[in-house]
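# have a look at this fold, sequence not included:
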């Protein structure tokens, strides 16, 4: 989930005082690293996936399933191998927000050979087995995006109860015990985000309506200990949630690619941006919260609200007095601007950024697009700071830059090379929801990596205005979006012909048309991938593996196969005991 | 009988967006489409060898040769070693390279198995000459009967190390072939070319009724460690006689 510095966390009052200090030095650190690394060339393709899992404990007698809060115990053992021999492990394990969550990645990144697609699923299976071996009887490791009963009474094992007056979240539903206790970052973030915001976070997701749901769905929150603030923040006919854990306690599937240089990284960052909502809709896997069925299929807006640290002033509810900016999005949201020259004309949403920082970056030879991006990330305050890390050597360290960068949780992340390493400029693809099986996750991962190769080989142009990507993000989360919604997409992705009016460059397509093509009108991403594969001398084994993955993507897109969210809904609503 | 020869070099067809747009087309459709586009721009007529060049390939100007992998597939339908050599030499010249990392030979013939094997032996002997002087690294054959391949393999001085099969059948690889390739460390690769990449009637449709295809090669240039296809093109050598043969 970001930078895990060891040490003593500072509280919000102390962190707030150091906000400008972190920003000031973070920008200098970026300028220094940029000067050092801007001309770095010739890095090869390396890439890796990150899968998050939850531990679930079943009780067959009482017929219950609960989140098992043993991640710390299990991680301790999982990390032993890495500590002994970090270079030769097949998997790496990291903590995540939930005390029931673990994150696994391959021990080494994959490379540019197509044969690597043949080991992705096997490595995912290895990770699942490795962690499963450490479980107790009745415990199961699941790659579920959201636990259906998260925030329902006694959803954890051992049971824990929300401390709505004193906890880090002050939640009525999500106890602090469900936050990963092994690293101070998680509770600190929780507390600081809430304190910075000036109130608890508020997440309202429309409830799914059918005959089992009363015409007016309204909960009595006072009964649960509310001091009145939750009742005010909750909306009728919505599932109300009030803690960071509802969002950051979700699991997702992420991918990181190394580019050959900074230019290619900027191109990939931009070209993958219009794919974020499409891949989000295709991987939709989170229809339930607090034991209720919601009317959305994806986690995105839940996480976005769950870490929304903006004050009322910043959200535009009050005139600006204490704060500097009106900010239109949470720090967890889709990106606000493209980074490549080709993308510049599609930056149609005004980007809020810090003028002084922007000017400072320009003065140091950083171009407008990158300067705007960094100055935009730096409108945020640090929400997690450790006393040992306050004073740094700006020529060598990058912690302050990383502090702000790694708490801007956006659909895409543009990542500079870490200090003193052989790693190059990278791009992280972050929208996908995690799927239940390793096969599905491998399919999504391989398809996305293949798309990046097709984009670079055929010099595809997928760009549409940022405002249209934002609209697509909203559509992508709707119930059954794959089947029902139409998405803005570039009309002609294979030629670079620009028209004077950007409007005629894009149109609306269904996901099926985008993935599988529309006869005579749009080639489709899968046919393009297949055309690329035909040109790559793929070995027979790898080819067959990839074709199975591509079939899954095609069938999900056409609606022949249900999305994970649709399947989960069906399982619950068709259950004889559903009420 | 008057005749003249025609060499067509399509150049990097990845820069033809018309071709990219129809992503799902097979290699025959791609080739025909490409030829139409290129011939449209070149209205040369005359005697002797005519060279028709497509778009100049600029994609590799700043790339180090060691980062590239050139793969070539040569389509021939006669065991005439001269055409094969001509095709290879022209390819080295066109691509401005001394070495081709991977060559696959697609030999189309209606011969009986015994004749087929002896034809392939002739072809293979020519190929071995190139391998001996390090002009070719990996070489193999496409769509070949398993028994014939095994016989050729056992006979050959320098062994083939690639077998290419059509991908539509790839998930049902003949078990004998699978086993043999595994035991002998031979790469089993897939392709999606039709049996006859440029059928005679289509050739005539483009180049006239007296056209005869001597050889055809397709090259692909990959940026090795990045999984990127940076160039792809065809070279065709066509003989046209003034009278229909």
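Structure's in. What do you need? Predicted model only: the values in this text are computed from it and were never measured.

# could you use CA atoms for every contact and neighbour count after this?
OK.

# not counting sequence-adjacent ones, nearest residue to residue A:57?
When the adjacent residues along the chain are set aside, residue A:57 lies closest to residue A:139, with 4.3 Å between them (CA to CA, 6 or more residues apart in numbering or on different chains).

# can you count the residues close to that neighbour?
By other CA atoms under 10 Å in any protein chain shown, 18 other residues sit near residue A:139.

# check residue A:9 too.
Neighbour count of residue A:9, defined by other CA under 10 Å: 21.

# can you give me the helices in the stretch 51-200 of chain A?
In the stretch 51-200 of chain A, the helices defined using DSSP state H, counting those that start in this stretch lie at A:71-84, A:120-132, A:184-197.

# correction: the previous question concerned the stretch 351-500 of chain A.
Per DSSP H, counting those that start in this stretch, the stretch 351-500 of chain A carries helices over the ranges A:355-363, A:368-377, A:399-405, A:438-457, A:466-476, A:481-484.

# give me the mean pLDDT for the fifth one.
With pLDDT averaged residue by residue, helix A:466-476 scores 98.

# quick one: distance of that helix to the chain centre.
Helix A:466-476 sits 16 Å away from the centroid of its parent chain (CA atoms, centre = their mean, to the nearest Å).

# any chance of a markdown table for the helices of the stretch 351-500 of chain A, columns distance to chain B?
Shown next, in a markdown table, are these (distance: least, CA to the nearest CA, whole Å):
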| stretch | distance to chain B |
| --- | --- |
| helix A:355-363 | 29 |
| helix A:368-377 | 25 |
| helix A:399-405 | 27 |
| helix A:438-457 | 5 |
| helix A:466-476 | 23 |
| helix A:481-484 | 23 |
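
# export the ones you listed to TSV and tack on distance to residue B:176 and mean neighbour count?
Converted to TSV, the helices of the stretch 351-500 of chain A look like this (distance: least, CA to CA, whole Å; neighbours: other CA atoms under 10 Å in any protein chain shown):
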stretch	distance to residue B:176	mean neighbour count
helix A:355-363	64	17
helix A:368-377	57	21
helix A:399-405	55	23
helix A:438-457	29	21
helix A:466-476	48	21
helix A:481-484	44	22
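
# which among those helices is found nearest to residue A:151?
Minimum separation from residue A:151 across the helices of the stretch 351-500 of chain A (CA to CA) falls at helix A:466-476, 24.4 Å.

# that older thread, how about the residue nearest to residue A:57, what does it touch?
By CA atoms under 8 Å, 6 or more residues apart in numbering or on different chains, the contact set of residue A:139 is A:55, A:56, A:57, A:58, A:68.

# tell me, how many residues neighbour the fourth one?
As a burial measure, residue A:58 scores 18 neighbours (other CA under 10 Å).

# ok, it to chain B distance?
40 Å (CA to the nearest CA, to the nearest Å).

# count of neighbours near residue 235?
With no chain named, the answer covers chain A. Residues near residue A:235, counting by other CA under 10 Å, number 18.

# I was after chain B.
Residue B:235: 22 neighbours (other CA under 10 Å).

# assign a three-state SS to it, would you?
What DSSP: H, G, I helix; E, B strand; the rest coil gives for residue B:235 is strand.

# so it bridges to which residues?
Going by DSSP bridges, residue B:235 is paired in beta bridges with residue B:9, residue B:217.

# what's the answer for the one 4 residues further on, then?
In this entry, residue B:239 is beta-bridged to residue B:5, residue B:212, by DSSP bridges.

# does it touch residue B:214 like I think?
Yes - contact criterion CA atoms under 8 Å: residue B:239 and residue B:214 qualify, at 6.7 Å.

# tell me which element residue B:87 is part of?
Residue B:87 is part of helix B:81-95, with elements assigned from DSSP states H and E.
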